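1. Here's my sequence, what's the structure:
(2 chains)
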Amino acid sequence: MISVEGLGKRYRIGGLRARSGTLRETLSTIPVLVWRRLKGRGRLVSEDFWALKEVSFEVEAGEVVGIIGRNGAGKSTLLKILSGITEPTEGRAVLRGRVGSLLEVGTGFHPELTGRENIYLSGAILGMRKAEIDKKFDEIVEFSGIEKFLDTPAKRYSSGMYVRLGFAVAAHLEPEILIIDEVLAVGDAEFQKKCLDKMGDVVKGGRTILFVSHNMGAITRLCQRTLLLEDGHLVMSGPSSEVTAHYLAGTAGMFAERVWPDLSTAPGNQVARLSAIRIRKDGGEISDTLEIRQPFTVEVEYRCLQEGARLVPNLHFFNDNGICVFISHNNWDREWYRRPHPEGLFKSVCHLPGNYFAEGRFTIMAAVGTINPTETHAVCRDAVSFQVVDHSEGDGARGDLATSYGGIVRPLLEWGTTVMEKDEAASG
Amino acid sequence: MSDEQRALTKIISPGRGSFWGELLECWRNREFLGFLAWRDVKVRYSQTVLGMAWAVIQPLTHMVIFTMIFNKVAGLQSPEGIPYPVYTFAALLPWQLFTTALTRSSESVVAEARLLTKVYFPRLLVPFSAMSVGLIDFCVSFVILLLMMVGYGITPSWTIVFLPLFVLLTLMTALAVGLFLAAMNAKYRDFRHVVPFMISIWMFITPVAYPASAIIRKIPAGWGWIYNLNPMTGVVEGFRWALVGQTGLAPGMLAVSSAAVVVVFILGLMYFRRMERSFADVL
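-> The predicted structure is shown next:
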């Protein structure tokens, strides 16, 4: 159904030839190029970066294949090539059947159009014919649960409604080959479950599916086989449980630290680039397993490349369901907050209290930006992650309760109780 | 493998596919083209108080100004029997269609950046669908023109049957240039500043406010064809000819203009196809 042979994708990065820009910028590099040539440094411009290299695999009809790997491993690039959005630099892929790709929820929605209109638009964009959408319209509306707002412009929708409607349309797509990128990482837990159930139905429907996700549970449940990508190479392919286990074992402990030794490939632009992110236990040891009661720190190392940039590092904490727990930036850092940074390497440390996060896995998005104008210069989603474990013995927020204890955060709060009124009659 | 399956087999490899393959792909996606066009029109008229009126306000204003300045003050005359306002409005119609279509198509690729990086469809559909709003605006203005002609007691000539041909020529001209600009805009965002500038210059070398003959008379004999290289010269004079049946549309003028359009269109198509491969990477 799908056969991929030696697929590779090269991006030109850094150097003088920006990937996009204004004509003026391009023209202004000409003197530099000429100068370099005169100085005899023959080959100039850019370094090559292979987002994908020599990837080959086959997928049989009706197979559901998961794709996992760390960020930047080439998963999205692979899906983009197979969807036809971007072109490979080398190799080839043959897909036999109608291909539908779902790289984003709500692809093509227009905020000015109503829900009804957007169902048609998005359906058409995802490759459905009008007759097909007509036929499934009621089903789509029912799945989304937004009947009442069908004739309201989408701009008045909450983000939850937007996602529901988007997924509802996508879930009713019926191509022979379905390519899905992490769309389940949105919406609330309940809706995610609904999506996973629907995906389960789709899987049973005998379609060929390629599914990228960070959710190892979903991968093992839905896919018989999984491919593991690392730095653009396909390093493992096999039964999902084996591949996910290998991946998790290989990355255990690695989640707590992320270092970019090479400035040119580090996330960022000409103003600032990330250099490292680390999670340290109270004692200073790098660790991604944290005890619920212990405070810890998150360090962001970044390089300022533009003299005087007023850099503001910030951290975004997400829980397992993709919900943003909170965002923090260094506004209480008296010395450096919004102060002009000289060129150089900086380390900002964020101190997190014990008894704050709930049990579970949290991922951190790290970014460096400037405020006024608000601009993000360097950002890394899923930069690092950590597991919070509760080993408390009656001295934590859950106290003596041993049962499951919900919530996104688990603060230890002070309580007080006073007697308002004694019920004499009841006490006799 | 059945024929249908063969048609659905997609081979992805570096380098572009065949030109005809892409055109076929566009044809298969004609329904999608319709959806994109419909969305643009819908969005354009949502949340506007005057709605369709905007389509006529601009050419009407131009007509009034042209009549006052070029006709009353500068003394430019329209040919015998056609009032100047009708004469110039008949030219402003295709001109407005041209500018709207050109502006929108040249911005189209950047405007659809989100879509282009998230789904695959033949990229050529993007500048094509951008024509829709101009076409709807044109239809509205056309009704106004017909009303004006009734008001002035002018009967349209039988040559009006050729009008669709000139509409097509206008769209092709806009698209020809639009394809270039759309692809360039994707890579170099400053091309967006070129468009308004280009349009205002282009208007003066197009016989919108004056008859083409007024210019051609001044050009040394044998060099008049240079003026006709501007495809809009043929279109604008053609519109007047189709509507009121007179004025000087020389067949030679039309031939030169049409040939120029075809050449630019093919070049634009080639350039767009060369650039479209990297859209998802540069947007």
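2. how about the residues of the stretch 151-283 of chain B near chain A?
-> Proximity of the stretch 151-283 of chain B to chain A, by Cβ under 8 Å from any Cβ of the partner chain, involves residues B:186-191, B:277-278, B:280-283. In short, each C-beta sits where N, CA and C put it, glycine included.
3. Is it possible to mark the buried ones in the residues you listed?
-> For these, a burial check counting by 16 or more other Cβ atoms under 10 Å in any protein chain shown picks out B:186-189, B:191, B:278, B:280-283.
4. hmm, back to that, format the residues of the stretch 151-283 of chain B next to chain A as JSON lines; extra columns: pLDDT and secondary structure.
-> Putting these into JSON lines (pLDDT from 0 to 100; DSSP: H, G, I helix; E, B strand; the rest coil) gives the following:
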{"residue": "B:Ala186", "pLDDT": "86", "secondary structure": "helix"}
{"residue": "B:Lys187", "pLDDT": "82", "secondary structure": "helix"}
{"residue": "B:Tyr188", "pLDDT": "82", "secondary structure": "strand"}
{"residue": "B:Arg189", "pLDDT": "78", "secondary structure": "helix"}
{"residue": "B:Asp190", "pLDDT": "77", "secondary structure": "helix"}
{"residue": "B:Phe191", "pLDDT": "79", "secondary structure": "helix"}
{"residue": "B:Arg277", "pLDDT": "80", "secondary structure": "coil"}
{"residue": "B:Ser278", "pLDDT": "79", "secondary structure": "coil"}
{"residue": "B:Ala280", "pLDDT": "79", "secondary structure": "helix"}
{"residue": "B:Asp281", "pLDDT": "79", "secondary structure": "helix"}
{"residue": "B:Val282", "pLDDT": "77", "secondary structure": "helix"}
{"residue": "B:Leu283", "pLDDT": "71", "secondary structure": "coil"}
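5. Need the max-distance pair from these.
-> Based on Cβ to Cβ, the longest span within these runs between B:Asp190 and B:Arg277 and measures 21.9 Å.
6. Any idea which residue is closest to the centre of chain A?
-> What sits nearest the mean C-alpha location of chain A, by Cα atoms, centre = their mean, is A:Arg381, with 5.6 Å.
7. Against which helices or strands is the lengthiest helix in chain B packed?
-> Longest helix in chain B by number of residues (criterion: DSSP state H): helix B:84-111. Contact analysis of helix B:84-111 by 3 or more Cβ pairs under 8 Å, 6 or more residues apart in numbering or on different chains; DSSP states H and E lists helix B:53-66, helix B:125-129, helix B:132-151, helix B:163-187, helix B:194-204, helix B:231-244 as its packing neighbours.
8. Look at the residue in the stretch 201-350 of chain A positioned nearest to chain B and say how many residues are nearby.
-> Minimum separation of the stretch 201-350 of chain A from chain B (Cβ to the nearest Cβ) falls at A:Thr208, amounting to 12.5 Å. Here the count is done by other Cβ atoms under 10 Å in any protein chain shown, and A:Thr208 has 22 residues near it.
9. if we can go back for a sec, and the residue nearest to the centre of chain A, helix, strand or coil?
-> strand (DSSP: H, G, I helix; E, B strand; the rest coil).
10. Give me the distance between the residue lying closest to it once chain neighbours are set aside and A:Lys80.
-> The shortest distance from A:Arg381 to any non-neighbouring residue, by Cβ to Cβ, 6 or more residues apart in numbering or on different chains, is to A:Met365 (4.9 Å). Computed as Cβ to Cβ, to the nearest Å, the A:Met365 to A:Lys80 distance reads 21 Å.
11. Can you give me the neighbour number for the nearest residue to A:Lys9 once chain neighbours are set aside?
-> Spatial nearest neighbour of A:Lys9, excluding adjacent residues (Cβ to Cβ, 6+ apart): A:Leu52 at 4.3 Å. If you count neighbours by other Cβ under 10 Å, A:Leu52 ends up with 27.
12. From the contact counts, what lies against the helix or strand harbouring A:Leu52?
-> Per DSSP states H and E: A:Leu52 is located in strand A:47-59. Applying 3+ Cβ pairs under 8 Å, 6+ apart, we find strand A:47-59 packed against strand A:2-13, helix A:75-83, strand A:90-96, strand A:233-239.
13. which residue sits closest to B:Glu276 in space, ignoring its chain neighbours?
-> Of all residues not flanking B:Glu276 in the chain, B:Arg123 sits nearest, at 4.1 Å (Cβ to Cβ, 6+ apart).
14. which ones are touching the one you found?
-> Going by Cβ atoms under 8 Å, 6 or more residues apart in numbering or on different chains, B:Arg123 touches B:109, B:116, B:272, B:276, B:279.
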